[in-house]
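Undergrad: Make a model of this:
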Amino acid sequence: MGEPRGAHVPVLLERCLELLAPALSLPGAVHVDFTLGLGGHAEAVLERHPAVILIGLDRDTEALAHARHRLERFAGRIHLVHAVYHELPRVLDELGIPAIHSGLFDLGVSSLQLDEADRGFAYAQDAPLDMRMDQSTGVTAEEIVNTYEPGALVRVLRQYGEEKFAPRIVSAIVRERAKSRITSTARLAELVKDAIPAAARRTGGNPAKRTFQALRIEVNGELEVLESAVPHALDALAPKGRLVVMSYQSLEDRIVKRALTSRARSTGPIDLPVELPGTGPTLRLLTRGSEPPTEEEVAENPRAASVKLRAVERIDEQEQGRTYNRAPGTGRERPRMAGSARGAKPEQPGETTRGGRGRLRPGANEEGEGRA
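TA: This next block holds a predicted model:
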């Protein structure tokens, strides 16, 4: 199988490997790449950690075929599965694997989907209006654009694209589809451009960006899937296991932030001097807020410009109990700033947190279209 069109540069590769390394070094480590794509991150994990077992998930059968070819030299320690990432519990059960030690989500659209025009994800190339990540099932963007009631279309563009001109865009779509069916990305992009006021078109990149993002999310049910996928991943983490999530737009990042920070806080009454059993944080935050890319990373891979990275570690309850000298069935003194959303001090020697107020996001890009 030949290489797909377009350059495949894994986003924030070295930073991901740095954050995941302590977990990947655990005995019998199992790593899950929840968004396998073309296998760039997975290949680096397998090369640098020769004992790791990899589970690679992807709903895109074409991406799976390319990744299988790329990773064939590691055939003895990989399991590549056609699945959406919220199906992790089923996949682990079928493989007989009780827990994972490391996981990576690289959300958004892959290089394969963006660079191959016939997939219909890119508004800069003319193609059929498809946008399905799994082309074997589900409704297409063409069906949504041509059959949704106007009110439902406005909701999709507003909710998933945060498009303030949604009513104007939908009115243009409804007028056009009354004359003939809208079937191409180029025609839809043209309709969106003409519907948006000229002054607004001069800022914020391609005017069709938000509409295409909204339709892609609706087609693939991305946010609903993510809502359950992150908790499933956290539930599967073994003690000292680590999870890294890279998102590319604010809707994804909000879901990820809520899921991670809720488990990094105590659930006990705040006025008690001790932490009650079972109420302490179960995660340690490894980054302060969402971590942006460096200017050097964006220069190497422009698609990384809008990435927001978050990482956590599953707290080892036995180690925590020894640290606070807790007897079974008793409370422990509540540590200051435990599970704070501002981030915890790294425990691994030489490990540092990045991001937060100390790093500004490069350029004027607010949100990207996907991952590499």
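
Undergrad: give the contact list for residue 144.
TA: Applying CB atoms under 8 Å, 6 or more residues apart in numbering, we find residue 144 in contact with 153, 156, 215, 218, 219. Glycine gets a C-beta too; all of them are placed from N, C-alpha and C.

Undergrad: ok, now how distant is it from residue 131?
TA: Residue 144 is 9 Å from residue 131, where distance means CB to CB, to the nearest Å.

Undergrad: again, but for residue 188
TA: 11 Å.

Undergrad: Overlap in contacts, the two.
TA: residue 212.

Undergrad: Where does pLDDT dip in the stretch 151-300 of the chain?
TA: 204, 271-276 (pLDDT under 70).

Undergrad: can you give me the helices in it?
TA: 166-179, 185-195, 198-201, 209-220, 222-236, 250-263, 295-300 (DSSP state H, counting those that start in this stretch).

Undergrad: between the second one and helix 166-179, how big is the angle?
TA: This means helix 185-195. 130 degrees (axes from the mean of the first three to the mean of the last three CA atoms, to 10 degrees).

Undergrad: could you say what helices and strands helix 185-195 packs with?
TA: Contact partners of helix 185-195 among helices and strands, from 3 or more CB pairs under 8 Å, 6 or more residues apart in numbering; DSSP states H and E: helix 166-179, helix 209-220.

Undergrad: looking at those helices, which is buried most?
TA: When the helices and strands packed on helix 185-195 are scored by mean count of other CB atoms under 10 Å, the highest mean neighbour count falls to helix 209-220 (a mean of 24).

Undergrad: Against which helices or strands is that helix packed?
TA: Against helix 209-220 (3+ CB pairs under 8 Å, 6+ apart) you get helix 141-147, helix 150-161, helix 185-195.

Undergrad: Repeat the analysis, applying 6 Å as the threshold.
TA: In terms of contacts (3 or more CB pairs under 6 Å, 6 or more residues apart in numbering; DSSP states H and E), helix 209-220 is packed against helix 150-161.

Undergrad: quick one: the helix it packs on to helix 209-220, angle?
TA: Orientation of helix 150-161 against helix 209-220 (the same axes, to 10 degrees) gives an angle of 100 degrees.

Undergrad: Check which residues of helix 150-161 are buried.
TA: 153, 154, 155, 156, 157, 158, 160, 161 (16 or more other CB atoms under 10 Å).

Undergrad: Distance to residue 97 for the residues you listed - can I get that in a markdown table?
TA: Formatted as a markdown table, the buried residues of helix 150-161 follow (distance: CB to CB, whole Å):
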| residue | distance to residue 97 |
| --- | --- |
| 153 | 42 |
| 154 | 44 |
| 155 | 40 |
| 156 | 37 |
| 157 | 41 |
| 158 | 41 |
| 160 | 34 |
| 161 | 38 |
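
Undergrad: Correct me if wrong: residue 306 contacts residue 248.
TA: Yes. With contact defined as CB atoms under 6 Å, residue 306 and residue 248 form a contacting pair (5.2 Å).

Undergrad: which one among the buried residues of helix 150-161 gets closest to residue 179?
TA: Residue 179 lies nearest to residue 153 out of the buried residues of helix 150-161, by CB to CB, at 16.8 Å.

Undergrad: Contacts only, for that closest one.
TA: Counting by CB atoms under 6 Å, 6 or more residues apart in numbering, residue 153 touches residue 170.

Undergrad: how about 7 Å then?
TA: The contact partners of residue 153, by CB atoms under 7 Å, 6 or more residues apart in numbering, come to 170, 173.

Undergrad: ok, so what distance separates it from residue 165?
TA: 13 Å.

Undergrad: Kindly report the same for residue 38.
TA: Counting by CB to CB, the gap from residue 38 to residue 165 is 35 Å.

Undergrad: and if you look at residue 23?
TA: From residue 23 to residue 165 the distance is 44 Å (CB to CB).

Undergrad: more crowded one of these two?
TA: residue 23 (25 against 20; other CB atoms under 10 Å).

Undergrad: Looking at the more buried one now. What's its pLDDT?
TA: At residue 23, the pLDDT value in this model is 98.

Undergrad: Same question for residue 326.
TA: So residue 326 comes in at 36 (pLDDT).

Undergrad: can you check the one 3 residues further on too?
TA: Reading off the per-residue confidence, residue 329 sits at a pLDDT of 41.

Undergrad: Begin at 78, not 1, for the rest of this chat.
TA: From this message on, residue numbering opens at 78, which makes the last subject residue 406.

Undergrad: Within the sheet, what are the partner strands of the longest strand along the chain, with directions?
TA: In the chain, assigned by DSSP state E, the strand with the most residues is strand 314-324. Take DSSP bridges as the rule and strand 314-324 pairs in its sheet with strand 177-183 (parallel), strand 385-391 (antiparallel).
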